[in-house]
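Visitor: Return a 3D structure for these sequence lines:
(2 chains)
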Amino acid sequence: MSVRVRYGPSPTGEPHVGNIRTALFDWLLARRFGGQFIVRIEDTDQSRAVAGAEALILDALRWLGLDWDEGPDIGGPFAPYRQSERLPLYIEAAERLITDGRAYRCNCTSERLDALRKSQQQAKQPPGYDGRCRGLAVADDEPHVIRLAMPSANSTVVEDYLRGPVAFQNALLDDHVLLKRDGFPTYHLASVVDDHHMDITHVIRGEEWLSSAPRHVQTYAALVWDEPVWVHIPIIRGPDKGKLSKRHGATSIRQYAAEGFLPEALLNFLALLGWSKDETTTIMSRDEITEHFSLDGLGLASAMFDIDRLRELNARYIRDLSPADFLQRGRPHLEARVGRAIDDDALASLLPIAPAIQERVKLLPEFADYTDFFFAAGPLDYDNAELMGRAYRHKPWAALESVEASLRTLRALDRSAWTATALESALRALAEQRGEKPGALFTPIRVSVTGKRVAPPLFETLETLGQRLTVERLNAAAERLARPDD
RNA sequence: GGCCCCAUCGUCUAGAGGCCUAGGACGCCAGCCUUUCAAGCUGGUAGCACGGGUUCGAAUCCCGUUGGGGCUACCA
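Guide: The predicted structure follows:
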């Protein structure tokens, strides 16, 4: 039998990294062993349903390149793939359990349950349903839930793939709800019924489910179905060591995309949170990860989501992009900055300088910081202090002299000599001739043409900008330095 | 509180009894390079939580302690 794994998000909001990492491991296992990856929407809580969440979840998977073989949008042999559309299946299973004496109807009110919980807490008893309705005949036409009759003696063993057998005392497990008053199943029933009907072979889920796994094992036993392989993977923790949540800032996948993280970087990072190929490899493409993935490489300790390491990895991925690809990915951020569309030709003009920018950009939006001045229409915004730099601090007259010297040199250059290498030798010669340190001469030029202290390498920048604009901006700078009021 | 899981540099990890004087990556520090900022190169810093066993030998196996986390809903 081939591997069949499912990702079962509940559409209650945006998918976050912890959640999507589970999907990644599901997907990797399926792809590694030529099995199927199934997306199943677990929308059994009507009160928490969020409109549009399902689309967001599918978008996140697509963005990361995790394709699915069966799902709510594309259907498949076990359709439908939304639990809200599979209600008869759950009711059928629950009814069968009642018939077999493994479940019972319960009409206890939530008030009684609350009171029960409260008194148990006060008495320092473990909380849980007391089984009042277990022997009672509750009519099926009055409001009720259906509970599983859990065994009270012995223990239930969950055979976890990663940890081996984990035993739970049955006496501590209460009769939990399978079918709610509104006719919808709980996760405990729905996941078991669907995993069985959909031939799921491996249940990969977060460790937070381990505690309820014995309930699922008991449900399989009561239904006389074969259990899947249980794989409880460690939770991802935030900087405060607790379970990663919204409190830790940007945890939704869409947020990371917006902040300029590359999907391949995030995927690489997530895969390495709890899994490793060997002792040295840290950079791996999706295909390489797929090729080497195995459940046996998974660790048991929960890992902290360290955003700094992600940033570093992202920077590495940006550097490794082809220049053309880099420009395409950076374009939207530049367009947002300058407020207009950048056409292909304009973008292509940046090709020679792109590699230098790639070395400097850690997040895609920073692309705009290194390129917006190429597309600035009016005068650049900077202080004269920046213009003068360290060397000419408080000496505007000296800075002016320097700028005017550069201007003369650059103006005199032949159009054919407007290349980074020619510009460099001309300006270096000028610095030497003037007895100036190169940095002293270059800083005012850099600020004049880019409006910034930090910019891409100067000569490539001048080449890309062109002689006309360079001269124009240097002139503007000279005028500013000549004005006494600054 | 109860139940369950986990435990190697600050972080992610390698390590399945001798290959460990504990390896790699990120970070951090120093140096080199240098037109800013980066990138790159060199070197360095830093860890087996603690205590008992088992064994000729333990980061690795067992027990306990401590610490951290998860669960404890008619949520997933």
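Visitor: Can you classify the closest residue to A:Arg163 other than its chain neighbours as helix, strand or coil?
Guide: Closest residue to A:Arg163 apart from its sequence neighbours, by Cβ to Cβ, 6 or more residues apart in numbering: A:Leu300 at 6.6 Å. Placement of C-beta: from N, CA and C, glycine included. Three-state assignment for A:Leu300 (DSSP: H, G, I helix; E, B strand; the rest coil): coil.
Visitor: And for the one 10 residues further on?
Guide: Taking three-state DSSP as the rule, one finds A:Leu310 in the helix state.
Visitor: Give me the neighbour count for the nearest residue to it once chain neighbours are set aside.
Guide: For A:Leu310, ignoring the flanking residues on the chain, the nearest one in space by Cβ to Cβ, 6+ apart is A:Phe269 at 4.9 Å. Residues lying near A:Phe269 (other Cβ atoms under 10 Å) number 24.
Visitor: residues contacting A:Phe269?
Guide: A:Arg309, A:Leu310, A:Leu313 (Cβ atoms under 8 Å, 6 or more residues apart in numbering).
Visitor: Are we agreed that it is in a strand?
Guide: No. Judged by three-state DSSP, A:Phe269 forms no part of a strand; its state is helix.
Visitor: how much space is there between it and RNA strand B?
Guide: Plainly put, A:Phe269 is 8 Å away from RNA strand B if you go by Cβ to the nearest atom of the strand, to the nearest Å.
Visitor: residues contacting A:Leu300?
Guide: Contacts for A:Leu300 (Cβ under 8 Å, 6+ apart) come out as A:Leu162, A:Arg163, A:Pro234.
Visitor: With A:Gly76 instead?
Guide: A:Ile38, A:Asp69, A:Glu70.
Visitor: Against RNA strand B, how distant is the spatially most distant residue from the centre of chain A?
Guide: Distance from the centre of chain A peaks at A:Gln433, with 54.1 Å (Cα atoms, centre = their mean). When distance is defined by Cβ to the nearest atom of the strand, A:Gln433 is 16 Å away from RNA strand B.
Visitor: I'd like to know the average pLDDT value across the host helix or strand of that residue.
Guide: Using DSSP states H and E, A:Gln433 sits in helix A:420-434. Throughout helix A:420-434, pLDDT has a mean value of 93.
Visitor: low-confidence ranges in the stretch 1-150 of chain A?
Guide: Applying pLDDT under 70 to the stretch 1-150 of chain A flags the ranges A:1.
Visitor: residues from it in reach of RNA strand B?
Guide: By the rule Cβ under 7 Å from any atom of the strand, the part of the stretch 1-150 of chain A lying against RNA strand B is A:8, A:10, A:42, A:44-45, A:48, A:108-110, A:113, A:117, A:124, A:126-129, A:145.
Visitor: Can you tell me which of those residues end up in strands?
Guide: Within these, residues falling in strands by DSSP state E are A:Val145.
Visitor: Out of the residues of the stretch 1-150 of chain A next to RNA strand B, which sit inside helices?
Guide: If you go by DSSP state H, these have A:Ser110, A:Leu113, A:Arg117 in helices.
Visitor: The last one against A:Pro127, yeah?
Guide: Looking back up the chat, that one is A:Arg117. Yes. Proximity of A:Arg117 to A:Pro127 meets the contact threshold set by Cβ atoms under 8 Å, at 5.1 Å.
Visitor: and of the contacts of A:Gly76, the nearest to RNA strand B?
Guide: A:Ile38 (14.6 Å; Cβ to the nearest atom of the strand).
Visitor: you'd agree the closest one is in a strand?
Guide: Yes. Looking at A:Ile38 with three-state DSSP, it is inside a strand.
Visitor: how close does it sit to A:Tyr81?
Guide: The gap separating A:Ile38 from A:Tyr81 is 7 Å, by Cβ to Cβ, to the nearest Å.
Visitor: Ok, A:Ala417 next?
Guide: Between A:Ala417 and A:Tyr81 the computed distance is 65 Å (Cβ to Cβ).
Visitor: which of these two has more neighbours?
Guide: Taking other Cβ under 10 Å, A:Ala417 and A:Tyr81 do not tie; A:Tyr81 has more neighbours (23 against 13).
Visitor: Identify the residue spatially nearest to A:Ala79, adjacent ones excluded.
Guide: Spatially, and ignoring its direct neighbours in sequence, A:Ala79 is nearest to A:Glu70 (7.7 Å; Cβ to Cβ, 6+ apart).
Visitor: okay, A:Pro484: pLDDT?
Guide: pLDDT, A:Pro484: 57.
Visitor: A:Val157 belongs to a strand, doesn't it?
Guide: Yes. A:Val157: assigned to a strand according to three-state DSSP.
Visitor: Verify the stated contact: it with A:Gly164.
Guide: No. In this structure, A:Val157 is not within contact of A:Gly164 by Cβ under 8 Å, at 9.7 Å.
Visitor: Next to RNA strand B, which bits of the stretch 201-350 of chain A? Give me the list.
Guide: Residues of the stretch 201-350 of chain A lying near RNA strand B (Cβ under 7 Å from any atom of the strand): A:207-212, A:235, A:237, A:240-243, A:272-274, A:276, A:278-280, A:282, A:297, A:299-304, A:306, A:308-309, A:312, A:315-316, A:319.
Visitor: Around RNA strand B, pick out the residues from the stretch 351-486 of chain A.
Guide: Within reach of RNA strand B by Cβ under 7 Å from any atom of the strand, the stretch 351-486 of chain A has these residues: A:356, A:359-360, A:424, A:438-439, A:442-443, A:446, A:453-459.
Visitor: Go ahead and name everything in contact with stretch A:358-376.
Guide: With contact meaning Cβ under 8 Å, 6+ apart, stretch A:358-376 is reached by A:259-262, A:311-312, A:314-315, A:318-319, A:321, A:323, A:326, A:329-330, A:333-334, A:336-338, A:340, A:342, A:346, A:349-350, A:357, A:380, A:449-452, A:454-456, A:464-465.
Visitor: for that stretch, how far is the first residue from the last?
Guide: Its first and final residues considered, stretch A:358-376 spans 21 Å by Cα to Cα, to the nearest Å.
Visitor: buried sites along that stretch?
Guide: Neighbour-count burial for stretch A:358-376 flags A:358, A:360-375 (criterion: 16 or more other Cβ atoms under 10 Å).
Visitor: Good, wrapping up.
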